[in-house]
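Asker: Following is a predicted model, sequence given first.
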Amino acid sequence: MRRRADGRRVLRLVGAALIITGASAIIWAIVVWQWQDPFTDVYTAYQQHKLASRYKKRLATYRLPVLHATATAKPSVAVEERHIALAARRYRATLTAGEPVGRIKVHRLGLNAILVAGTDHDSLTKGPGWDRSTFLPGESQLVYIAGHRTTYSAPFAHIDSLRPGDLVTIEVPYGTFTYAVRSHRVVPADDLSQLESHGREVVALQACHPRFFATHRYIAYAVPVRVVPRRGRPYTFGSGRL
């Protein structure tokens with residue numbers, strides 16, 4: 001009888017443990033779904049703080065390249081664009097994985113973060129990452145940026161909430177670039193053709209889809225609408241379409 005009683009007691013304890021574990025898992029999933037993983041968020045917040053400090057120093061020492069010696073006080077938009085493109089190419093050549101590129105802001109996502117160079121695992125634990133095989137703002141090519149949806153501050157947790165007209169702002173040492181969301185698509189995770197540039201300036205924001213899975217990628221595309229050079233006159237773009 002004692003053995004039976006002990007057996008029932010063990011079963012009750014195991015059952016209770018399983019119920020508690022299951023309930024905890026459900027609560028944890030709800031927390032992550034609604035907000036984000038709090039443990040990895042602490043790590044990313046720390047890394048963002050360090051990156052912000054490094055980027056501040058980079059801004060303080062940054063010098064724009066000289067386009068030509070005869071540049072006028074009020075250059076044309078075409079001259080401004082050439083100057084920006086030169087600055088972007090030279091800045092891109094200095095960037096290494098895990099280092100700060102600039103700052104990205106997306107009001108719809110509540111995002112205001114340092115943009116990190118690289119989309120490898122380590123880089124993305126620090127914040128949204130710029131794919132180093134693509135280009136930087138001002139080069140008239142593809143600017144590809146990836147971010148997590150549930151961990152490491154989850155910068156793109158609600159990327160699927162972006163709507164046409166939502167603004168994406170990228171600040172880099174040579175200027176501030178504003179883009180407007182135009183469209184999106186969902187592609188298989190192994191579709192590397194999305195990293196190909198097609199000779200026009202487009203920002204692509206990418207995250208895993210659906211949340212908690214990595215079978216597909218959700219990509220939101222935004223086209224340039226305004227540029228504010230570090231020095232020079234702001235200028236605007238026409239309403240581009242993808």
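Answerer: Cool, the structure landed. Numbering: from 1, shown residues only.
Asker: Which of the three states applies to residue 222?
Answerer: Following DSSP: H, G, I helix; E, B strand; the rest coil, we place residue 222 in the strand state.
Asker: just the strands in this structure please.
Answerer: 100-106, 111-117, 129-130, 142-146, 167-172, 175-188, 202-209, 216-229, 235-236 (DSSP state E).
Asker: average pLDDT for the last one?
Answerer: Put plainly, it is strand 235-236. Mean pLDDT, computed over strand 235-236, is 86.
Asker: If I look at residue 190, what pLDDT would I see?
Answerer: Here the pLDDT value assigned to residue 190 is 93.
Asker: circling back to that earlier point, can you redo the strands of the chain as CSV with distance to residue 64?
Answerer: Just so you know, the C-beta spots here come from the backbone N, C-alpha and C atoms, and that holds for glycine as well. Converted to CSV, the strands of the chain look like this (distance: least, Cβ to Cβ, whole Å):
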stretch, distance to residue 64
strand 100-106, 15
strand 111-117, 19
strand 129-130, 20
strand 142-146, 20
strand 167-172, 11
strand 175-188, 9
strand 202-209, 22
strand 216-229, 8
strand 235-236, 16
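Asker: Quick one, which of the ones you listed gets closest to residue 76.
Answerer: For residue 76, the closest of the strands of the chain is strand 235-236, at 9.5 Å, according to Cβ to Cβ.
Asker: And the contacts of that closest one?
Answerer: Residues outside strand 235-236 that contact it (Cβ atoms under 8 Å, 6 or more residues apart in numbering): 77, 80-81, 225-227.
Asker: again, only using 7 Å
Answerer: With contacts defined as Cβ atoms under 7 Å, 6 or more residues apart in numbering, strand 235-236 is touched by 77, 80, 225-227.
Asker: strands paired with it, and their directions?
Answerer: Paired with strand 235-236 in the same sheet, following DSSP bridges, are strand 216-229 (antiparallel).
Asker: Determine which stretch of the strands of the chain is the most buried.
Answerer: strand 129-130 (a mean of 27; mean count of other Cβ atoms under 10 Å).
Asker: other SSEs contacting that strand?
Answerer: Judged by 3 or more Cβ pairs under 7 Å, 6 or more residues apart in numbering; DSSP states H and E, strand 129-130 is in contact with strand 111-117, strand 142-146.
Asker: can you put the contacts of strand 235-236 in JSON lines and add distance to residue 100?
Answerer: JSON lines is the format used below for the contacts of strand 235-236 (distance: Cβ to Cβ, whole Å):
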{"residue": "77", "distance to residue 100": "29"}
{"residue": "80", "distance to residue 100": "25"}
{"residue": "225", "distance to residue 100": "24"}
{"residue": "226", "distance to residue 100": "23"}
{"residue": "227", "distance to residue 100": "20"}
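Asker: Report the central residue of the protein.
Answerer: Nearest to the mean C-alpha position of the chain, counting by Cα atoms, centre = their mean, stands residue 128 at 3.2 Å.
Asker: Was I right to think it contacts residue 145?
Answerer: Yes: assessed by Cβ atoms under 7 Å, residue 128 is found in contact with residue 145 at 5.7 Å.
Asker: and residue 82, what is it in contact with?
Answerer: By Cβ under 7 Å, 6+ apart, the residues touching residue 82 are residue 67.
Asker: now it: how far from residue 67?
Answerer: 6 Å (Cβ to Cβ, to the nearest Å).
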